[in-house]
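**Q** compute the structure for the input listed below.
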Amino acid sequence: MNRRFFIAGAGTLTLTNLLAGCGDQSRPTLRVQLLKNSLPALVLSLFRKEIGQAFALDFKPESQVKVLFEQLQALHRQPAANEKKPSSFPLPIPFMASKAPQIPDLVTLGDYWLAKAIQQKLIQPLDPAQLQNWKNLPQPWQTLVRRNAEGQIDPAGKVWAAPYRWGTVLIAYNREKFKSLGLKPPQDWSDLWREDLRERISLLDQPREVIGLTLKKLGKSYNTQELNKVPNLKEELSRLHRQAKLYSSNAYLQPLILGDTWVAVGWSGDILSAMAQNKEIAAVVPKSGTSLWADLWVKPAQVSNNSSSELAYKWMDFCWQPQIARLLSSQSKGASPVLVETKRTELSKELQKATLLLPDPEIISKSEFLKPLPTTALEQYKSLWLETRLGPAATGA
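**A** Have a look, this model is predicted:
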């Protein structure tokens, strides 16, 4: 998943400026590798004040979640600290001694990558007893991170991550184009099949998302496993394919901004960033519900329990404090899960109006995270996707 790749550097005070030189080997240091622009710098500044000068902070942003996942894989491949590497030198050379890599205490990971991280033993479970604000998380977000050893969602499973930010998949459109042509703006997934939008739509290059929104249009779940039992699914997906001008997971907004497409389906983080810079772009949350995504804190498997580990729990808990949740939501392109069940009247006027960031509770109740599916189900998605994009010959049908 290349979510939020399009505008990685837009519109926030960078953490790099705030954190330059923060690492201090003389003090216990909290080391975090996080997704760029997923955290307002002010949140980190407030955390620094709360913990005082006894600890140091070392936060390093990366532009893509995929890179963070690959860094976890690289950590897993590294030899243990006491494992000697073979050397071509007969005698040890002091100045050539290799430094042990600094293992981060926490890493940002998207929920899409969580199952793989568990299966590959890249991360370790968290202890919810050390998270006082765990109880403030709505049930869907708690369920999302409770997994078994295979990475499948399991209500009795261990807690493998701490969700700190979430968003949706939206329908964005060029308001100027719709206004000039006298067209009604889209409101739900079914509008993507309108004849006046033929070859005017950018779709994500993601089988789960595109097949999922088609399932939603048919009144089914994004996580449907037996696709061959869904009436008209293949026909509806073929019709949607004819509506699409392009498929892309990282360049779907440029054609919309340029007017080459009139509608784009994409992740809210990308779209909200684009809207802040391009007033002709508008967006809606599909009324029938949509797919959800989440950014999570995960703990690398190599991290041991020490003072930095305790500080990591304090940091995760800090992100869930109500006032911090509000700050994160108002200054980020994602919302804190803590605010999902908060009454609108208790939010700031800014957040009350931010219906793309915090959709109506009724829409959220109809929306779903993309759950990990069994291999047999994933093969059905892959086969249907190839047949839709390339024709029956692609699957040997």
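
**Q** low-confidence ranges in this structure?
**A** The chain contains residues with pLDDT under 70 at 1-25, 79-101, 307, 392-397.

**Q** mind naming the longest strand for it?
**A** strand 162-174 (DSSP state E).

**Q** could you list every helix and strand in contact with the next helix or strand along the chain from it?
**A** Next in sequence after strand 162-174, counting helices and strands by DSSP states H and E, comes helix 175-181. Contact here means 3 or more Cβ pairs under 8 Å, 6 or more residues apart in numbering; DSSP states H and E; on that basis helix 175-181 packs against no helix or strand. Bear in mind the C-beta positions are built from the backbone N, C-alpha and C, glycine included.

**Q** pull out the buried positions in helix 175-181.
**A** For helix 175-181, the neighbour count (16 or more other Cβ atoms under 10 Å) marks Lys177, Phe178 as buried.

**Q** cool, and stretch 271-283?
**A** Ile271, Leu272, Ser273, Ala274, Met275, Ile281, Ala282, Ala283.

**Q** then stretch 223-241?
**A** Asn223, Thr224, Leu227, Val230, Leu233, Glu236, Leu237, Leu240.

**Q** with stretch 38-57 instead?
**A** Ser38, Leu39, Pro40, Ala41, Val43, Leu44, Phe47, Arg48, Ile51, Phe55, Ala56, Leu57.

**Q** now do the SS call for the first one.
**A** Going by DSSP: H, G, I helix; E, B strand; the rest coil, the secondary structure assigned to Ser38 is coil.

**Q** what's the domain layout of the chain?
**A** 15-79+101-166+292-357, 169-290+370-395 (automatic domain parsing).

**Q** for Ile364, find the nearest of the ones you listed.
**A** Nearest of the domains of the chain to Ile364, taken as Cβ to Cβ: domain 15-79+101-166+292-357 at 6.5 Å.

**Q** from the chain's centroid, how far away is that closest one?
**A** Centroid separation between domain 15-79+101-166+292-357 and its chain, computed with Cα atoms, centre = their mean, to the nearest Å, is 12 Å.

**Q** now stretch 191-202
**A** 27 Å.

**Q** other residues contacting it?
**A** The contact list for stretch 191-202 (Cβ atoms under 8 Å, 6 or more residues apart in numbering) reads 171, 181, 183, 186, 213, 217, 236, 239-240, 242-248, 252-253, 255-256, 261-266.

**Q** and the next element down the chain from the helix or strand hosting Phe47?
**A** Using DSSP H and E, Phe47 sits in helix 41-51. The helix or strand immediately downstream of helix 41-51 is strand 56-62, counting by DSSP H and E.

**Q** quick one: Glu387 is in a strand?
**A** No: counting by three-state DSSP, Glu387 is not part of a strand but helix.

**Q** what's the local residue count around it?
**A** By other Cβ atoms under 10 Å, 19 other residues sit near Glu387.

**Q** cool, and Pro255?
**A** Neighbourhood size, Pro255 [other Cβ under 10 Å]: 19.

**Q** who are the contact partners of the closest residue to it other than its chain neighbours?
**A** Counting by Cβ to Cβ, 6 or more residues apart in numbering, Thr261 is the residue found nearest to Pro255 once chain neighbours are left out, at 4.3 Å. Counting by Cβ under 8 Å, 6+ apart, Thr261 touches Asn174, Arg200, Ile201, Ser202, Lys245, Leu246, Pro255.

**Q** take the residues you listed and keep only those in helices.
**A** Those of those mapping onto helices are Pro255, per DSSP state H.

**Q** so which of the contacts of Thr261 is the most crowded?
**A** Ranking these using other Cβ under 10 Å puts Ile201 first, with 28 neighbours.

**Q** give the bridge partners for that residue, please.
**A** Ile201 has these beta-bridge partners by DSSP bridges: Ala244, Val263.

**Q** any idea how far it is from Val303?
**A** For Ile201, the distance to Val303 equals 44 Å [Cβ to Cβ, to the nearest Å].

**Q** I'd say Leu356 and Leu170 touch.
**A** Yes: between Leu356 and Leu170 a contact is recorded at 6.5 Å, counting by Cβ atoms under 8 Å.

**Q** so what's Ala274 closest to, chain neighbours aside?
**A** Leu253 (5.0 Å).

**Q** so that neighbour touches Trp267, yeah?
**A** No: contact between Leu253 and Trp267 fails when scored by Cβ under 8 Å: they sit 10.0 Å apart.

**Q** those two: which has the busier surroundings?
**A** Using other Cβ under 10 Å as the criterion, Leu253 and Trp267 rank with Trp267 on top: 28 against 24.

**Q** where do the helices sit along the stretch 151-300 of the chain?
**A** Under the criterion DSSP state H, counting those that start in this stretch, helices of the stretch 151-300 of the chain are mapped to 175-181, 207-217, 233-243, 254-258, 268-277.

**Q** pretty sure Met109 sits in a helix.
**A** Just to correct that, residue 109 is Leu rather than Met. No: the assignment for Leu109, made by three-state DSSP, is strand rather than a helix.
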